[in-house]
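# the following block contains a protein sequence and its predicted model.
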Amino acid sequence: MTIWRIDPTSDDFMVHEGFRRAVDAILAGDLVAVPTETVYGLAADATNAEACARIYAAKGRPRFNPLISHLPDMEAALRIGVFDARAQALADAFWPGPMTLVVPRRPGAPVCDLATAGLDTIALRVPDAPIMQALARESGRPLAAPSANRSGRISPTTAQAVNEDLGERVPVILDAGLTRVGVESTIVALLEGEARLLRPGGIAREDLERVLGRPLAAPAAASADTPAGPGMLKSHYAPRARVRLEADDIAPGEAYLGFGPVPDAIARKASIARTLSEKGDVEEAAARLFSDLRALDATGVASIAVAPIPKTGLGEAINDRLGRAAADRTGPGARED
Ligand code: TXA
Ligand code: MG
């Protein structure tokens, strides 16, 4: 494995050797870890079943769960999915960006069944991160990409985190530093019936509802052919340490993850205390969530106490991920992704 540092703000990153290697790897059916604006993705050619099988093997993902196909632009997305007026309106408003749309798959669309887990719907995203966008454009392939972590671990927001989890299993890692948004994309299903929010994420519910002109429905109950919502199994994003939510105090030996300034009483007691956002900003908190959880976990503490975090805006996604990090990790289907 080689980690290639790439500056996405330079105009010529596409001639950088690391980027060219990444394009070649995709065309050869190999895996590439690549930064998106949300988290680092583990990308492969979505038209190639063997390449997609490598994603599941590398992550140790226990079962085939459909993947998001990343496209360079709307034109490419329209070749694969069928967009109704609502889907078109959301795409116009938020693409490129941290939003995934689940739409009917266009018959004959060039995406392998492993990428869609055999469904007749497909999850599509046009990312705004320049490297991911350019990789999809230059390879000319839709890129299937889940988060580049081992199944059950916290999603990576840095190349170092990818390397810790998957280093030996990924030939090419592109490194553009910390990702901007820090939580995964919001997933909205636009199929028959109401628009449904399948996963809160980088675009706030309120902003989506404003464009749709009505509230988003909850995910439909899981059935044989509709997955239980993306990464909807209970324990997901799990650090090794126990995670305790809505904490207004800490127990001896606990680490503390705050929101807003760390209260003096807690700072005095805690062996380690940090805050997701000193100024109490949910976007900043989202951007730091996974890297702060990883950093606290790496200290070997047994428990992390997390302060209450507002439930609005990106706070919905933060609370969703924290809820999964705190969930019981035993029992059937407890780990995924
Ligand atoms: O921000 C993100 O979305 C990141 C970056 C890399 O783009 N990707 C990501 O992928 O979070 P992943 O595989 O961790 O989550 C994708 C979720 C899966 O849990 C899956 O259940 C859901 O999307 N999904 C994919 N296709 C679907 C479909 N046809 N219907 C319902 N859910 C679907
Ligand atoms: Mg994931």
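Everything's here; your move. Numbers count the residues shown, from 1 in each chain. Ligands and ions are numbered 1, 2, ... in the order given.
# tell me how many other residues surround Leu212.
17 (other C-beta atoms under 10 Å). The way it works is simple: take the backbone N, C-alpha and C, and place the C-beta from them, glycine included.
# let me redo that: Pro263
The burial count for Pro263: 17, using other C-beta under 10 Å.
# any idea how far Ala91 lies from ligand 2?
From Ala91 across to ligand 2, the span is 22 Å (C-beta to the ion, to the nearest Å).
# make 215 the first number, not 1, from now on.
Okay, residue one is now 215; in that scheme the one you just asked about reads as Ala305.
# wait, that residue sits on Thr314?
No - using C-beta atoms under 8 Å, Ala305 makes no contact with Thr314, being 10.7 Å away.
# so for these two, which sits in the more crowded spot?
Shown here are Ala305 and Thr314; by other C-beta under 10 Å, Thr314 has more neighbours (26 against 23).
# now Ile345: which helix or strand?
Using DSSP states H and E, Ile345 sits within helix 344-353.
# ok, residues contacting that helix?
Here helix 344-353 makes contact (C-beta atoms under 8 Å, 6 or more residues apart in numbering) with 220, 222-223, 227-228, 233, 236-237, 240-241, 246, 248-251, 255, 257, 259, 284-287, 290, 310, 340-341, 356-357, 359, 388, 390.
# next, count neighbours for Gly396.
28.
# separation between it and Asp244?
As judged by C-beta to C-beta, to the nearest Å, Gly396 and Asp244 stand 27 Å apart.
# before we move on, what about Ile518?
36 Å.
# so which of these two has more stuff around it?
For the pair Ile518 and Asp244, the greater number of neighbours falls to Ile518 (26 against 20), based on other C-beta under 10 Å.
# pretty sure that one sits against Val457.
Yes - counting by C-beta under 8 Å, Ile518 does reach Val457; the two are 5.2 Å apart.
# what touches both of these two?
With C-beta under 8 Å, 6+ apart as the test, Ile518 and Val457 both reach Leu507.
# so what's the residue count around the closest residue to Ile464 other than its chain neighbours?
Of all residues not flanking Ile464 in the chain, Ala519 sits nearest, at 4.7 Å (C-beta to C-beta, 6 or more residues apart in numbering). Ala519: 23 surrounding residues under other C-beta under 10 Å.
# just the one 3 residues further on next, same as before
Here the neighbour count serves as a burial measure; for Pro522 (other C-beta under 10 Å) it reads 14.
# for Ala362, give its distance to ligand 2.
From Ala362 to ligand 2 the distance is 9 Å (C-beta to the ion).
# Val395 too?
In terms of C-beta to the ion, Val395 sits 14 Å off from ligand 2.
# I'd say Glu408 and Ala431 touch.
Yes - taking contacts as C-beta under 8 Å, Glu408 lies within contact range of Ala431: 4.1 Å.
# more neighbours: which of those two?
When Glu408 is set against Ala431 and neighbours are counted by other C-beta under 10 Å, the residue ahead is Glu408, at 15 against 12.
# could you confirm the more buried one falls within a helix?
No - counting by DSSP: H, G, I helix; E, B strand; the rest coil, Glu408 falls outside a helix, being coil.
# for it, give me its contacts.
Leu430, Ala431.
# can you give me the strands for the stretch 365-514 of the chain?
Using DSSP state E, counting those that start in this stretch, the strands of the stretch 365-514 of the chain run over 386-389, 400-403, 410-413, 456-458, 469-472, 487-489.
# list the buried ones in the second one?
Of the residues in strand 400-403, Thr400, Ile401, Val402, Ala403 count as buried by neighbour count, 16 or more other C-beta atoms under 10 Å.
# next: the fourth one.
Of the residues in strand 456-458, Val457, Arg458 count as buried by neighbour count, 16+ other C-beta under 10 Å.
# elements contacting it?
Here strand 456-458 touches strand 517-520, helix 529-540, going by 3 or more C-beta pairs under 8 Å, 6 or more residues apart in numbering; DSSP states H and E.
# possible to save the strands of the stretch 365-514 of the chain as a markdown table with distance to Ala435 and mean pLDDT?
What follows is these, written out as a markdown table (distance: least, C-beta to C-beta, whole Å; pLDDT from 0 to 100):
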| stretch | distance to Ala435 | mean pLDDT |
| --- | --- | --- |
| strand 386-389 | 38 | 98 |
| strand 400-403 | 13 | 98 |
| strand 410-413 | 11 | 97 |
| strand 456-458 | 27 | 96 |
| strand 469-472 | 33 | 98 |
| strand 487-489 | 38 | 97 |
